Structure formats: C-alpha cells, structure tokens
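Chemist: Compute the structure for the input listed below.
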Amino acid sequence: MKRWLVWISIASTLFIIQACSSQVNSKETPTAASPVSDKNHHGEHSMDEPDENKSPDSHQEHTENTKVTQAKLTVPGNITATKPISLVIDVQDLDGKPIDNFETFQEKLMHLIVVSDNLQYFSHLHPNYQQKGRFEVQTTFPTAGGYTLFSDYKPAQKPEQVSVLKTQIPGTATSPAKVDLNTTKTFGNTKALLTASQPIIKAGEEVTLMFNLQNTANNQPITDLQAYLGERGHLVIIKQSSQLTAADYIHAHAIKGTPAGQVHFMTSFPKPGKYKLWGQFNRNGKIIRANFWVNVV
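Modeler: The predicted model follows:
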C-alpha cells in the first residue's frame, strides 16, 4: 500500500513540473500590426533589507514577468513627418477585453518611450487615460522611417507591463545612427560626464552608471537639480538592433544619497552590443536629456 502511494506522489510531481515548464516556455510573437506586451525589463526589485544609499526602485536584474495584456496602436491614415498627430493606444487583456483600472507609478499611468529605429530620435511621453483601456497622446515624428514605441504601464494588481508598438512614417528614412562613445558632452547649459563602476561593462553583470552634471560656464556641479517624476533622474537604455523588441529596453531609476550634481543608476545589460542611454534630469523645471553610447562585451 505504501509503495503504491509513493508512485502516485512521483507521477503527480512529474505532471506538475511538466505543466509549469510548458507555461514558462510558451511565448506569443508580437507583430507590427498587433504588438503585444512581452517582457518587463525594469528588473526585479531587491527583496533584501532596504539600503539607505539605494533607491527602493533601483532595478537589480532583468526578469520576465507574466504577460497579462496586449496593446494596439492606432495612427491617422495620413500620417506625415513634422506634423502633429494623435496616437491611440488600447490596452486589453489576452481575451481582447479592455482593461479598466491602472495603477500610478512614477507619478503617471503610462510612460511612452518613442525612438526612431536608428536611435537618433527619443521622446518620453505620458498619454492621457480616456477610460476603458484607451490612452491618447499627441506627438510629432520628425523624419520619415520606422519608429518603435515602448508603452510602459501597470494594470491594477498585475505585474508592470511593456508593450512594444511599431509605426512607419512615409518617405526616405534617415541613415543609421553614428555611434559616438565620447563620455563627455554638453547639452545647453549642462555639461555631462558619464562614468561606470567598471572599466569594461560586461553583459549580465551589475554596473553603476554615474552622471556628473556641471554648469557649462564654470564646470562646477549644478545646484538646481529637482525631482523628475518623483526621483533625481530617470535613465532609458535601448540596445542597437535591426528589429527593436522589449528585450532591448531597460528603464533604470536613480540611486538615493549621491553627491551634489551627480546622479547614479544601477542596472545590468542582458547581452553584448552597443546601447544608447538617455539620462533625464530636471534643472529648475527644464528637462535635460543627456544621451550617450556604451559598448557592452
């Protein structure tokens, strides 16, 4: 009798493991016509005791969350470069029903990161919620070519989601972006110096990226840095790729307790390659976007 019960227990365990494995490996392939939520590359929050020198929202590692949504992008039929247009994003569950309730994170219901596929253009938008899963925002695409939109939002009581949306602006696309690995750049009245905690950034290893922000006029640390979306700064990182996907998107948050004029971000890069960074900072009400390239081996 005991031996018979042991065999039942082993068979049940094998069935559960096999079922879980099937669920983890299943994946829906997004398309340009109907892109869907794929991966959340904000990273997993640390479950250790809080560190007073780190933001509680610092992202430690990349992880794939459960996909619970799909998103649809609607653009006007006569879309052209340089002319303002309205974008509509409908967020639905996997059965096609509108999702009604969303949670505010980083002071907004949705963060929409728009980049040209050659990574020359970047915009961080916050669409307005119109109820029944619909978000709307007005924007302008500066040039012809392909654009990828990373729609970042959190359905109520669900994991944070990133939906990847695509659109094409008619006309001749611009040339590929020139990769500039210079670590010191000037953006108006702000001089930015980028350094890393490691001399060589390696895929899969945690690294701290440090922005040293100075006044262009005198090279002194800036003293008018204000919170942006509730933090000292935000950092969007996108891997150079022929076809941008959610796997190429990283959104990191600032570490607390850094010296005046400095903003640090902790993150990791999932794969080798070239990545473009956009650090976003609030200087007395004006948003500074400091962009750099890094090489990851």
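Chemist: Return the helix or strand in this structure with minimum mean pLDDT.
Modeler: Using mean pLDDT, DSSP states H and E, the weakest-scoring helix or strand in the chain turns out to be helix 2-25, at a mean of 34.
Chemist: can I see the domain layout of this protein?
Modeler: Listed by automatic domain parsing, the domain ranges of the chain are 69-169, 184-296.
Chemist: To residue 176, which of these lies closest?
Modeler: domain 69-169 (5.1 Å; C-beta to C-beta). C-beta: built from backbone N, CA, C; applies to glycine.
Chemist: if you go through the stretch 101-250 of the chain in chain order, where are the strands?
Modeler: Along the stretch 101-250 of the chain, counting by DSSP state E, counting those that start in this stretch, strands occupy 110-116, 122-125, 128-129, 134-139, 145-153, 161-169, 184-187, 190-196, 206-215, 225-226, 234-239, 249-253.
Chemist: Could I get the ones you listed in JSON lines, plus columns for mean neighbour count?
Modeler: Below are the strands of the stretch 101-250 of the chain laid out as JSON lines (neighbours: other C-beta atoms under 10 Å):
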{"stretch": "strand 110-116", "mean neighbour count": "21"}
{"stretch": "strand 122-125", "mean neighbour count": "18"}
{"stretch": "strand 128-129", "mean neighbour count": "14"}
{"stretch": "strand 134-139", "mean neighbour count": "16"}
{"stretch": "strand 145-153", "mean neighbour count": "23"}
{"stretch": "strand 161-169", "mean neighbour count": "21"}
{"stretch": "strand 184-187", "mean neighbour count": "13"}
{"stretch": "strand 190-196", "mean neighbour count": "18"}
{"stretch": "strand 206-215", "mean neighbour count": "19"}
{"stretch": "strand 225-226", "mean neighbour count": "16"}
{"stretch": "strand 234-239", "mean neighbour count": "22"}
{"stretch": "strand 249-253", "mean neighbour count": "24"}
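Chemist: shouldn't residue 134 be in contact with residue 86?
Modeler: No. Using C-beta atoms under 8 Å, residue 134 is not in contact with residue 86, being 11.7 Å away.
Chemist: Phi and psi next, for residue 265.
Modeler: Residue 265 adopts backbone torsions of phi -130, psi 140, taken as degrees, to the nearest 10.
Chemist: ok, back up a step: for the domains of the chain, give me TSV that also has distance to residue 178.
Modeler: Listed next are the domains of the chain as TSV, based on distance: least, C-beta to C-beta, whole Å:
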stretch	distance to residue 178
domain 69-169	9
domain 184-296	9
